[in-house]
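# Need coordinates for the below:
(one chain, ligands or ions: 1)
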Amino acid sequence: MSNGMPPIIVVGAGPVGLTTALGLRFYGLPFALFEDDAELSLDTKAGTILTRTLEAFRRYGVADRVLAKALRVDEIGDVERATNTARPSVQTALLNDDTRYPFVINMPQHHLEPILRAAIDERSPGAFHLQHRLTAFRQSDRGVVASFDTPGGAREIEGSYLLACDGGRSTVRSQLGVAVEGESSDVRCLLVDVKVDLDVANPRDYPYLAYFADPEEWMILVRQPHCWRFLYPLAAGVPEPTATGILDAISLPWRLAWVVRGWASDALLDGYAREQRPVAAEGSGEMAQAAHEYMAGQAATVKAMSGTAWANAATRTMLGVRLGVDEAGDWSMVKTDRGPFRAGDRIPDAVLHAGDGRPVRLHDLVDDSFVALYFTDVRRRPHIPADVPGLKHLIVSHRDAPLDGGLRERSLFDVGDRFRQLMGCPRDTLVLVRPDDHIAAIAAMGAARAQDLYRQAVGQPQAGADR
Ligand SMILES: Cc1cc2nc3c(=O)[nH]c(=O)nc-3n(C[C@H](O)[C@H](O)[C@H](O)COP(=O)(O)OP(=O)(O)OC[C@H]3O[C@@H](n4cnc5c(N)ncnc54)[C@H](O)[C@@H]3O)c2cc1C
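Below you'll find the predicted structure:
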């Protein structure tokens, strides 16, 4: 399938390029990663990594080594600065049933990147190229030809695709004439990492990540694995626009894999732009605006969230976005309640029980496949289609599958019917889940066939495409 195809060219070895390269490797796609600098960045940048990113790291096989070097955080403090009063805060234990990583982690970006790079070097030796600055690119018969400046002179590389992971001042984006959408905040921040003993000599009892709310003098205190980080506002200015890059590294590699394997048309790639563009352009702003209004006590809507409602909403939002997967384009980065789930939502990483007795995590099942989940009673022996490459079918049943029913290996036991109730779906519902954990479609079992929903989701023609 991917044999003989030119490599997918990934430009930029920040967290997004490194994670995307690992994603391509996971799906068995050939790639070459190019970075302008002579080494990975040592700048003080990101310090906190959210749950959804950990889920991507798990899928791409680097979560354990990242976690081994990180500080896990189960509470994000919210303190009124003027009075030092704690307000209801983000408690990630709320996510215990939704994810195997019910926490965020603190870890400096310049510690994370070498871990990702080491995994690339181990798994795809020779694929990572430093001191290669992309200067231009052009379309070719087989894909794209990219031109690089290197210490040894100019170099041209042919690729099947070119992925622009070259950061906020992207060369690729500017050469394509793609404007950055959305608004920039006018708050400029100072970020200071300090070796100071706030554990024993000057003990403080704030959570490892704490927001000190104030309309003017707000501050964020972050316990890093080896130091303390203080972040606070400076005079107004124009900072770099931010982007939701790891979400791209979740969304793009599986699509490329489906296209390269011949399981989908290029239309699946168009879906990437359609879904991610509003999130990148307006999504961080949507959440940041809500948080800002809350911290400054401004908005009637967020003020109206009494008790722990705001903290709970902020906690759920950690798990990422609802994508606009269908025509309605209904997306949001702010998730105020848990269910019922709908198309576009990230499905929880629920624990179910396989026919061979093992507990299984739902996200493991979709690692490299769409999965059609049939929420129904396995005792009634529902007909489910044969699996095909790219699409598996599994029954989720409150009653365990009898050994003489023929469906034992294709069923998952849902203890206490809890997962179905969490999903908020009636019995006999079909839920199609994509390899990025997002729900592609939900339908009544009698009303729709999973194969049709799958074809629609990957842009295949409806007739004659059964394999
Ligand atoms: C002070 C600060 C604090 C932050 N805190 C957080 C946080 O707590 N949590 C969080 O999630 N995010 C945080 N961020 C944001 C985070 O650092 C960025 O979102 C992240 O670095 C973006 O990753 P990226 O891979 O898209 O781009 P970058 O990290 O910018 O990487 C792009 C790479 O592409 C290379 N490149 C550029 N042009 C070319 C070219 N023409 N050819 C070849 N290579 C090229 C660059 O050298 C660079 O290595 C923070 C940022 C800053 C500055």
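# The helix or strand containing residue 57 vs the ligand: in contact?
If you go by DSSP states H and E, residue 57 is part of helix 51-59. No. Helix 51-59 lies out of reach of the ligand by Cβ under 6 Å from any ligand atom, never closer than 7.5 Å. Quick note: C-beta positions are derived from backbone N, CA and C, even for glycine.
# So which bits of this structure are right by the ligand?
So the chain meets the ligand at 11-17, 34-37, 41, 45-48, 109, 133-134, 165-168, 171, 191, 242-243, 245 (Cβ under 6 Å from any ligand atom).
# So which of those residues are in strands?
Judged by DSSP state E, the subset of the residues of the chain next to the ligand located in strands is 11, 34, 48, 133-134, 191.
# Residue 315 is in contact with residue 92, correct?
Yes. With contact defined as Cβ atoms under 8 Å, residue 92 reaches residue 315; the gap is 6.0 Å.
# From residue 159, how far off is whichever residue of the stretch 1-150 of the chain sits closest to the ligand?
Of all residues in the stretch 1-150 of the chain, residue 14 sits closest to the ligand, at 2.1 Å by Cβ to the nearest ligand atom. The spacing between residue 14 and residue 159, counted by Cβ to Cβ, to the nearest Å, is 19 Å.
# So between the two, which is more surrounded?
residue 159 (24 against 20; other Cβ atoms under 10 Å).
# Let me see the contact set for the residue sitting furthest away from the middle of the chain.
Residue farthest from the centre of the chain, counting by Cα atoms, centre = their mean, is residue 404 at 40.3 Å. Listed by Cβ atoms under 8 Å, 6 or more residues apart in numbering, the contact set of residue 404 is empty.
# So what does it look like in phi/psi?
Residue 404 adopts backbone torsions of phi -100, psi 10, taken as degrees, to the nearest 10.
# Tell me the confidence at it?
According to the per-residue confidence, residue 404 scores 93 in pLDDT.
# Repeat that for residue 78.
For residue 78, pLDDT reads 89.
# Which of the residues in the helix or strand in which it is found are classified as buried?
Residue 78 belongs to strand 75-80 when assigned by DSSP H and E. Buried positions in strand 75-80, judged by neighbour count with 16 or more other Cβ atoms under 10 Å: 75-79.
# export these to CSV and tack on distance to residue 331?
Below are the buried residues of strand 75-80 laid out as CSV (distance: Cβ to Cβ, whole Å):
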residue, distance to residue 331
75, 28
76, 24
77, 29
78, 26
79, 32
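# what's next to the helix or strand just after the strand holding residue 78, contact-wise?
Sequence-wise, the next helix or strand downstream of strand 75-80 (DSSP H and E) is strand 85-86. For strand 85-86, the external contacting residues (Cβ under 8 Å, 6+ apart) are 77-80.
# swap in stretch 146-166?
5-14, 16-17, 20, 32, 34, 36, 131-137, 140, 142-145, 170-173, 245, 248-249, 252, 256, 260.
# looking at it, residue 8 is touching residue 33, isn't it?
No. With contact defined as Cβ under 8 Å, residue 8 does not count as touching residue 33 (9.4 Å).
# Neighbour count: the two, which is higher?
The residue with more neighbours, out of residue 8 and residue 33, is residue 33; 28 against 25, by other Cβ under 10 Å.
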